[in-house]
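Student: Structure here, sequence nowhere to be found:
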């Protein structure tokens, strides 16, 4: 109980620090014009694990649901993400993953929120889309919205499988949002999403 309380308090402090840090960043945004055609549908934002920092600096259009694990680290992360304005549901994307995904879908339907998925998480391999985001979009009548972020100057955690990158304060970050994908209209939505996210990342790096 004391450990959980400690993690929760630490998470609030971490969230406040991250929020202040992100407020110093200058976001250069690229948005596919066709996204406006899906404005009245739920968005399931999809991106590679490790690209979260610039994407957190992006001003989301409405409340967004994220799935966080039940681990001790998850308790810290959940508090921090709540401070950043995200709606957190607890569950697992690996063990008992169906329950966590169901919680995300319920939250989307109940509050009309969007959702965000690091689609190759939680352990990789990097660049391989898992099924969760596609299922969430199908069950909520939503669209898959590919995203990519690029840190121009920052710290790369090279030993992490996802090469998580943090931008230096007061630096420029790039965010690209691609054309929406309707999972009911695409023969292989996971493959299509992989191509879309990869293309966005290549475009930012060019």
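Tutor: Thanks, I have it. Everything quoted here is computed from the prediction, not taken from an experiment. Residues are numbered from 1 along each chain as shown.
Student: remind me which residues of the protein are low pLDDT?
Tutor: For the chain, the stretches with pLDDT under 70 are 1-4, 72, 93-97.
Student: again, only using 90
Tutor: Judged by pLDDT under 90, the chain has its weakly predicted residues at 1-9, 11, 69-78, 90-100, 121-124, 206.
Student: ranges for the strands of the protein?
Tutor: With strands called from DSSP state E, the chain shows them at 26-31, 43-47, 64-68, 87-90, 114-118, 143-151, 154-156, 165-167, 172-177.
Student: Need the winner for burial among those strands.
Tutor: strand 43-47 (a mean of 27; mean count of other C-beta atoms under 10 Å). C-beta: built from backbone N, CA, C; applies to glycine.
Student: can you list contacts of that strand?
Tutor: With C-beta atoms under 8 Å, 6 or more residues apart in numbering as the test, strand 43-47 has contacts from 55, 61, 64, 114-119, 129, 133, 136-137, 140, 142-149, 180, 193, 197.
Student: on that earlier part again, Serialize the strands of the chain to JSON lines and add fields for distance to residue 124.
Tutor: Below are the strands of the chain laid out as JSON lines (distance: least, C-beta to C-beta, whole Å):
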{"stretch": "strand 26-31", "distance to residue 124": "26"}
{"stretch": "strand 43-47", "distance to residue 124": "14"}
{"stretch": "strand 64-68", "distance to residue 124": "17"}
{"stretch": "strand 87-90", "distance to residue 124": "22"}
{"stretch": "strand 114-118", "distance to residue 124": "10"}
{"stretch": "strand 143-151", "distance to residue 124": "17"}
{"stretch": "strand 154-156", "distance to residue 124": "16"}
{"stretch": "strand 165-167", "distance to residue 124": "16"}
{"stretch": "strand 172-177", "distance to residue 124": "22"}
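Student: separation between residue 126 and residue 47?
Tutor: Going from residue 126 to residue 47 by C-beta to C-beta, to the nearest Å gives 11 Å.
Student: Tell me which of the strands of the chain sits nearest to residue 7.
Tutor: If you check each of the strands of the chain against residue 7 by C-beta to C-beta, strand 64-68 wins as the nearest, at 11.9 Å.
Student: contacts for that closest one?
Tutor: Outside strand 64-68, the residues that touch it by C-beta under 8 Å, 6+ apart are 45, 74, 77-78, 81, 86-91, 93, 100-101, 103-104, 107-108, 111, 113-117, 132.
Student: do stretch 76-86 as well
Tutor: Residues outside stretch 76-86 that contact it (C-beta under 8 Å, 6+ apart) are 7-12, 14-16, 18-19, 22, 56, 60, 63-66, 68-69, 88, 90, 116.
Student: Show me which residues of that stretch are buried.
Tutor: Within stretch 76-86, the residues that qualify as buried are 76, 77, 78, 79, 80, 81, 82, 83, 84, 86, counting by 16 or more other C-beta atoms under 10 Å.
Student: Among those, name the ones in helices.
Tutor: 76, 77, 78, 79, 80, 81, 82, 83 (DSSP state H).
Student: All set now, cheers.
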